[in-house]
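Q: Take a look and give me a structure for this.
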Amino acid sequence: MEETLQTIDIKGFKSLFPIEYDAELGDDFFIADITYDRALRMLQYPTRFDGFLGIFCVHGHLSMDINLSTYKVTENSLLFSVPGYIIRVSDVGTDDLKNLRFIVIAVSRGFMSSMRMDFTRLFNESMSVLSNSCIRLEPDELALCSKYMTLAIEIVKNGVTSYKKETIGSLISSVCYFLGGMWADKLSKARRESNPDISARAKLVFDHFLQLVTDNHTSQRNMAFYADKLCLTPKYLSKLVKNVSGRSAPEWIDSFVILEAKNMLKYSEISIKEIVYKLNFPNQSVFYKFFKAHTGLTPSEYRNS
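A: Numbering: from 1, shown residues only. I've put the predicted structure just below:
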């Protein structure tokens, strides 16, 4: 591979899975009912999906990595990813491959932007997608989601062509608010039970911090940068992040950088010198010390392991 990771959009996804889609609008939207396919092996490598992705497990199970977390996607669970996140299928249950089945819904970044709805902000304010990208649906939630999906398929397949895209866009907006509210309620309850002393404001700032790190970790490792973006002092931000997550802000930043470095070393053929440049380290010596301090291996040792 010449690039750090494979980056695909809806068009690229459809080329990996050349199947008959239940509903699709060009390269902007699709709903796919996918069974076990060898193309899943292509997703065993870290992949940035340039769009919004929802994966619902109907039967079977698989494990997926999203950024720094691994999720067990089991029957009736829903996993969600936003643009820029690194996804990878880390394991597929081999006990029942023939019955593995999941629904994939994808929306392009451009299509979402055309709805004049700040989708990323909606989810960042209602939940920490990065730390809680997978939830299990209750029967009533599952029934309502199924109705939304059935309606979307019927709209796309209907012979009427006028305003079809606008109709689907409005339906997606409705689904987003429904899922955002549902996800927020679940996570709010879980957070209250696990740490009742953390305020909603602190959780919101933490979510915004994670999004900033997701977007800027290859170029910015200085706490002052993130604190300035959030209009806080570095000291206050460090304390807040530690209280909410149990990890310090520098630890979060370093984890993202290490993840990026590991992906470059394992899944690309670019030189270590180029990696140092891409990750904005001043020289190879500093990068070597940073990498070994976090992994116990030099970059060369990790690449060859």
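
Q: hey, C-alpha coordinates of stretch 20-33 in PDB?
A: Extracted as PDB, the C-alpha positions of stretch 20-33 are listed here (Å, rounded to 0.1, in the frame of the first residue of the first chain):
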ATOM      1  CA  GLU A  20     -27.500  -6.100  -4.900                       C
ATOM      2  CA  TYR A  21     -28.300  -3.300  -2.500                       C
ATOM      3  CA  ASP A  22     -31.700  -3.000  -0.900                       C
ATOM      4  CA  ALA A  23     -31.700   0.700  -1.500                       C
ATOM      5  CA  GLU A  24     -29.200   3.200  -2.900                       C
ATOM      6  CA  LEU A  25     -28.900   6.700  -4.100                       C
ATOM      7  CA  GLY A  26     -25.800   6.800  -6.300                       C
ATOM      8  CA  ASP A  27     -22.700   7.300  -4.200                       C
ATOM      9  CA  ASP A  28     -24.600   9.200  -1.400                       C
ATOM     10  CA  PHE A  29     -26.600   6.600   0.400                       C
ATOM     11  CA  PHE A  30     -27.200   2.900   0.600                       C
ATOM     12  CA  ILE A  31     -28.800   0.200   2.700                       C
ATOM     13  CA  ALA A  32     -27.300  -3.300   2.300                       C
ATOM     14  CA  ASP A  33     -28.200  -6.600   3.800                       C
END
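
Q: for the residue nearest the centre of the chain, phi and psi?
A: In the chain, the residue lying closest to the centroid (C-alpha atoms, centre = their mean) is S81, at 3.2 Å. Phi and psi for S81, reported as degrees, to the nearest 10, are phi -140, psi 140.

Q: Now do the closest residue in space to it that isn't next to it in sequence against I105, distance only.
A: Distance criterion C-beta to C-beta, 6 or more residues apart in numbering; nearest residue to S81, sequence neighbours excluded, is L53 at 4.5 Å. Yep, even glycine has a C-beta here, placed from its N, CA and C like the rest. Separation of L53 from I105 (C-beta to C-beta, to the nearest Å): 7 Å.

Q: who's more crowded, those two?
A: Ranked by neighbour count (other C-beta atoms under 10 Å), L53 and I105 place I105 first, with 23 against 20.

Q: doesn't the more buried one fall inside a strand?
A: Yes - counting by DSSP: H, G, I helix; E, B strand; the rest coil, one finds I105 located in a strand.

Q: Please list all residues in contact with it.
A: By C-beta atoms under 8 Å, 6 or more residues apart in numbering, the contact set of I105 is 30-32, 53-56, 149.

Q: do that again at 10 Å, thanks
A: Residues in contact with I105 (C-beta atoms under 10 Å, 6 or more residues apart in numbering) are 22-23, 29-32, 52-56, 78, 80, 145, 148-149, 152, 172, 175.
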